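*Asks:* sequence unknown, structure follows:
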C-alpha cells in the first residue's frame, strides 16, 4: 500500500508520468463529477502530476512507488 506524500508513477494514454499522492480515499466519493468506489480494503489514491499539476485518481494496481 501507499502513503500520502509517496512519489509514484503511472501509465496513461500518452505514456508514463509521475507525481505525488495527495489524498487517500477509503470511502465512496465524487471526483470530476463522477462517482468513484473506494473502501478500506481497496482505496483509491488521488495523485498530482509533477509535469502538469493536474490531479487524477488511481487504484493501487495502477501505481508504482519510485
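*Replies:* Yep, that arrived. Note that the coordinates shown come from a computational prediction; the quantities given were computed from them, not determined experimentally.

*Asks:* now do the strand ranked longest in the chain, average pLDDT.
*Replies:* Taking DSSP state E as the criterion, the chain has its longest strand at strand 15-25. The pLDDT scores in strand 15-25 average 95.

*Asks:* give me the below-cutoff pLDDT ranges for the protein.
*Replies:* Within the chain, no range satisfies pLDDT under 70.

*Asks:* give the residue farthest from the middle of it.
*Replies:* residue 14 (17.0 Å; Cα atoms, centre = their mean).

*Asks:* roughly how far does that one sit from residue 51?
*Replies:* 11 Å (Cβ to Cβ, to the nearest Å). For glycine as for every other residue, the C-beta is placed from the backbone atoms N, C-alpha and C.

*Asks:* again, but for residue 63
*Replies:* 16 Å.

*Asks:* so those two - more neighbours on which side?
*Replies:* More neighbours surround residue 63 than the other of residue 63 and residue 51, with 19 against 9 (other Cβ atoms under 10 Å).

*Asks:* OK, contacts around that one?
*Replies:* 2, 8, 9, 10, 21, 45, 47 (Cβ atoms under 8 Å, 6 or more residues apart in numbering).

*Asks:* which of those residues tops the neighbour count?
*Replies:* Ranking these using other Cβ under 10 Å puts residue 47 first, with 26 neighbours.

*Asks:* pull the contacting residues for the closest residue to it other than its chain neighbours.
*Replies:* For residue 47, ignoring the flanking residues on the chain, the nearest one in space by Cβ to Cβ, 6 or more residues apart in numbering is residue 19 at 4.8 Å. For residue 19, the contact set (Cβ under 8 Å, 6+ apart) comprises 7, 8, 9, 47, 48, 49, 50, 51.
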